[in-house]
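**Student:** no FASTA, just this:
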């Protein structure tokens with residue numbers, strides 16, 4: 001499968017450190033975005049561990065099924081993050097979101113925990129492929145919050161599932177057959193919280209994956225940049 005990918009991470013305008021991390025492994029077709037959380041430097045450590053442990057597991061088990069690679073790899077990250085949080089007071093309570101895309105056999109497999117997202121741009125449409133593990137999303141699904149109330153919801157940054165909060169986590173797994181021209185966009189909530197889905201589509205389609213990603217980060221910063229911002233676009237050139 002021939003792919004063209006580009007990713008960028010930015011500290012934003014309000015944070016002192018960047019607790020996001022991303023991985024672009026073109027050789028394996030593995031692309032990961034993680035948004036760490038935790039006081040002091042915990043979030044930074046958690047997101048870095050998530051991408052490193054997952055990448056190592058995928059490299060060491062090339063013949064495993066992609067679903068198993070993502071589920072097991074993310075859970076190995078989870079166990080390691082949890083272990084280090086217990087052993088080091090400075091890292092106590094750390095965790096991270098993860099959204100990982102693994103391209104294999106004319107399909108993309110997605111493993112996701114938390115509120116980092118994956119989108120698909122196909123033709124003239126865009127779809128959110130993942131579902132946020134967040135208190136806000138639970139309230140919306142239950143019908144307790146309407147679309148117009150989202151901006152004022154005080155707990156909109158509270159996630160209900162993360163990698164490393166406990167020693168094991170349930171990973172949402174998706175599979176989708178790919179087509180030439182498909183563009184998969186993954187990002188942390190530093191982007192999705194400030195940029196509308198239609199704007200993601202417009203920037204990527206108008207300027208291409210690389211410049212489009214840069215434009216989206218710049219746009220998020222013009223709107224306050226109140227969190228770290230990470231975004232990656234991966235275009236399928238040929239299945």
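**Tutor:** Here it is on my side, so go on. A quick note: this is a predicted structure, and the numbers were derived from the prediction, not measured.

**Student:** end-to-end on stretch 8-26?
**Tutor:** End-to-end distance for stretch 8-26, by C-alpha to C-alpha, to the nearest Å: 15 Å.

**Student:** just stretch 99-108 next, same as before
**Tutor:** Across its full length, stretch 99-108 reaches 12 Å between end residues, using C-alpha to C-alpha.

**Student:** tell me which residues in it are buried?
**Tutor:** By 16 or more other C-beta atoms under 10 Å, the buried positions in stretch 99-108 come out as 99-104, 108. Heads up, the C-betas are built off the backbone N, CA and C, glycines and all.

**Student:** cool, stretch 224-239 as well?
**Tutor:** Within stretch 224-239, the residues scored as buried using 16+ other C-beta under 10 Å are 225-236.

**Student:** same thing with stretch 171-186?
**Tutor:** Residues of stretch 171-186 classed as buried: 171-174, 176, 178, 182-186 (neighbour count, 16+ other C-beta under 10 Å).

**Student:** can you check stretch 192-202 too?
**Tutor:** Buried residues in stretch 192-202, counting neighbours by 16+ other C-beta under 10 Å, are found at 192-195, 199-202.

**Student:** So in this protein, where's the weakest helix or strand by average pLDDT?
**Tutor:** helix 135-141 (a mean of 74; mean pLDDT, DSSP states H and E).

**Student:** Which strands or helices does whichever helix or strand comes after that one pack on?
**Tutor:** In the C-terminal direction, the helix or strand that comes right after helix 135-141 (DSSP states H and E) is strand 172-177. Packing partners of strand 172-177 (3 or more C-beta pairs under 8 Å, 6 or more residues apart in numbering; DSSP states H and E): helix 66-87, strand 107-113.

**Student:** Out of these, which one sits most buried?
**Tutor:** strand 107-113 (a mean of 24; mean count of other C-beta atoms under 10 Å).
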